[in-house]
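[1] generate a structure from the sequence data that follows.
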Amino acid sequence: EAPSQFGLDMHRALEQDRDFLASDVAFCSEPAFACKVFHETGKPVFGYFGVHIGFLLDSSEDQLAFYTVFRDQLALDIRSTFAAKAPYISMQVHYHTSVQLPAIRPAS
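    Residues are numbered from 1 along each chain as shown. Okay, the predicted model is just below:
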């Protein structure tokens, strides 16, 4: 499914979700593209990535567009924070976006 259709469908679902509407923050993981949709709702976003942020974005155009949004919008929002599960994921994100994410290993 194209990211734009996924985003539209997710927006539609979130607009009807009372728990989400009442929440103070949004949490995203995989696919990281969901972080963009949460961010567009105006909520702070906490993201924790166990795979590369381009995961499930099929075309290089979609990946490059998301890397730009992640770098220029999501990562610059001081209300939001993002981390990776492992150093190599943090390195991949930095290579593609110039954004440095801390690597925080799971506690369990």
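[2] okay, strands next: where are they in this structure?
    26-28, 45-49, 81-84 (DSSP state E).
[3] hmm, Q73 and C35 touching each other?
    No. Applying C-beta atoms under 8 Å as the test, C35 and Q73 come out as separate, 9.9 Å apart. No exception for glycine: its C-beta is placed from N, CA and C like everyone else's.
[4] so which of the two has more stuff around it?
    Between C35 and Q73, C35 has the larger neighbour count (other C-beta atoms under 10 Å), namely 27 against 14.
[5] mind checking how far Q92 is from L21?
    33 Å (C-beta to C-beta, to the nearest Å).
[6] just checking, what's the longest helix in this protein?
    For the chain, the longest helix by residue count, based on DSSP state H, is helix 3-15.
[7] distance to H96 and mean neighbour count added to the strands of the chain, as JSON lines?
    Below are the strands of the chain laid out as JSON lines (distance: least, C-beta to C-beta, whole Å; neighbours: other C-beta atoms under 10 Å):
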{"stretch": "strand 26-28", "distance to H96": "17", "mean neighbour count": "18"}
{"stretch": "strand 45-49", "distance to H96": "12", "mean neighbour count": "21"}
{"stretch": "strand 81-84", "distance to H96": "12", "mean neighbour count": "20"}
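[8] in this protein, which residue is closest to the centre?
    C35 (3.0 Å; C-alpha atoms, centre = their mean).
[9] distance check, that one against V93.
    In terms of C-beta to C-beta, C35 sits 12 Å off from V93.
[10] with D19 instead?
    From D19 to V93 the distance is 29 Å (C-beta to C-beta).
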